[in-house]
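Peer 1: the sequence and its predicted three-dimensional model are supplied below.
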Amino acid sequence: MTTETTVRRALRTVHTAHLAPAELAAVRALLDDAFDGDFADADWEHSLGGLHALVTEGPDDGIVAHGCLVQRRVVHRGRSLRVGYVEAVAVRDDRRRQGLGGRIMAALEDAVDRAYDFGALSASDAGAAMYAGRGWQVWAGGLAALGPAGVLPLPEEEGSTYVRAAAGRALPDPEAALFFDWREGDVL
């Protein structure tokens, strides 16, 4: 006789301000593990101050998947647009390929649809297929940042920056570049 164990997996969305210090530490540990130690302090800083989607599992509610959405300002054709920028998407190694990344993205995409002009993210090689499969598109236009010294072209980000229209809205015209707000570390 086989006994099946039902694992409770709960999805929660919460602003950074409402995460307990222990939860923030657990998220940071998940990200450090998921990115094989290549998740810098600047990357962590980029993932704070927005909406977090968390999947917890089991009786101890351990965090097994995470992603967050932060607001970025993007100038396009002389207009400043409010963009929901996806950061720090990760699934614990032993829970990958079980749909948890999709659950995280669905929650973040819902927030993009309700609050932003469009969504954007910078995809790793490992994550690109998931984003494309969810309808995210590689940005076909130019990319730059508005930095302390002026405009900084970002040609190295072309091909890995994805965008998604918010519900009922169109994507910006790729004939004109997107100029992202400046931040320390990786701009995109």
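Peer 2: Looks like it arrived, so ask away.
Peer 1: how many neighbours does residue 11 have?
Peer 2: Residue 11 sits with 14 neighbouring residues when counted by other CB atoms under 10 Å. Every C-beta, even on glycine, is put in place using the N, C-alpha and C of the backbone.
Peer 1: wait, isn't it in contact with residue 55?
Peer 2: Yes. Using CB atoms under 8 Å, residue 11 is in contact with residue 55, at 5.4 Å.
Peer 1: shared neighbours of those two, anything?
Peer 2: 103, 104 (CB atoms under 8 Å, 6 or more residues apart in numbering).
Peer 1: output the longest helix along the chain as PDB, nothing but the C-alphas.
Peer 2: Using DSSP state H, we find that the single longest helix of the chain is helix 100-115. What follows is helix 100-115, C-alpha atoms only, in PDB (Å, rounded to 0.1, in the frame of the first residue of the first chain):
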ATOM      1  CA  LEU A 100       6.400  27.200  -8.800                       C
ATOM      2  CA  GLY A 101       8.200  29.700 -11.000                       C
ATOM      3  CA  GLY A 102       4.900  30.000 -13.000                       C
ATOM      4  CA  ARG A 103       2.900  30.600  -9.900                       C
ATOM      5  CA  ILE A 104       5.300  33.400  -8.800                       C
ATOM      6  CA  MET A 105       5.200  35.000 -12.300                       C
ATOM      7  CA  ALA A 106       1.400  34.800 -12.400                       C
ATOM      8  CA  ALA A 107       1.200  36.800  -9.200                       C
ATOM      9  CA  LEU A 108       3.700  39.400 -10.400                       C
ATOM     10  CA  GLU A 109       2.000  39.600 -13.800                       C
ATOM     11  CA  ASP A 110      -1.300  40.300 -12.100                       C
ATOM     12  CA  ALA A 111       0.300  43.300 -10.300                       C
ATOM     13  CA  VAL A 112       1.800  44.500 -13.700                       C
ATOM     14  CA  ASP A 113      -1.700  44.400 -15.200                       C
ATOM     15  CA  ARG A 114      -3.200  46.400 -12.400                       C
ATOM     16  CA  ALA A 115      -0.600  49.000 -11.600                       C
END
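Peer 1: quick check: mean pLDDT of that helix?
Peer 2: For helix 100-115, mean pLDDT rounds to 98.
Peer 1: which other helices and strands does it contact?
Peer 2: Packed against helix 100-115 by the contact rule (3 or more CB pairs under 8 Å, 6 or more residues apart in numbering; DSSP states H and E) you find strand 9-15, strand 51-57, strand 62-76, strand 79-91, strand 118-122, helix 128-133.
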